[in-house]
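Engineer: kindly generate the corresponding structure for this input.
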Amino acid sequence: TSQALSPSSFESATPTRKIPAPITAAPVEPTADAPASNPPCSICGAGKEVGYPDATFPLLNQPEVSCDIFELAGKIGWISPALCEQIPPIIGRCESQPISSA
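Structural biologist: So this is what the prediction gives:
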């Protein structure tokens, strides 16, 4: 004899308790002990910075990433030197500009 499956068939007998995520100040900056093994990378090239941080662009086989997050990843060493050299020509949407002295 086969039994019909219903949504209640998949419910756990033990109730689950949702634990809220901790609230932090925004934005959350990575700590100095972030797992990075590369030297800092300026994704815009030497002496330049992202001018349009909210712009996004696709990475190979990855979801789109915002320019500010990608710039931060470079600063903390999450981008290899080999990849760092290839980035400036492909991130036109980030509107790289000379580093401001503000």
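Engineer: low pLDDT regions in this structure?
Structural biologist: For the chain, the stretches flagged by pLDDT under 70 are 1-36, 102.
Engineer: the longest helix in it is where?
Structural biologist: If you go by DSSP state H, the chain has its longest helix at helix 67-75.
Engineer: name the surrounding residues that touch stretch 46-61.
Structural biologist: By Cβ atoms under 8 Å, 6 or more residues apart in numbering, the residues outside stretch 46-61 that reach it are 42-44, 64-68, 70-71, 88, 90-91, 93-100. (Glycine included, C-beta is placed from N, CA and C.)
Engineer: quick check: buried residues in it?
Structural biologist: Glu49, Val50, Tyr52, Ala55, Thr56 (16 or more other Cβ atoms under 10 Å).
Engineer: endpoints of it, how far apart?
Structural biologist: Start-to-end span of stretch 46-61 (Cα to Cα, to the nearest Å) is 27 Å.
Engineer: and the helices in the chain?
Structural biologist: 67-75, 81-86.
Engineer: so which of those gets nearest Ser37?
Structural biologist: The closest of the helices of the chain to Ser37 is helix 81-86. By Cβ to Cβ, the value is 10.7 Å.
Engineer: send the alpha carbons of that closest one over as PDB?
Structural biologist: What follows is helix 81-86, C-alpha atoms only, in PDB (Å, rounded to 0.1, in the frame of the first residue of the first chain):
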ATOM      1  CA  PRO A  81      48.300  39.800  -8.800                       C
ATOM      2  CA  ALA A  82      47.800  38.000 -12.200                       C
ATOM      3  CA  LEU A  83      44.100  38.800 -12.100                       C
ATOM      4  CA  CYS A  84      44.700  42.300 -10.800                       C
ATOM      5  CA  GLU A  85      46.600  43.200 -14.000                       C
ATOM      6  CA  GLN A  86      43.700  42.200 -16.200                       C
END
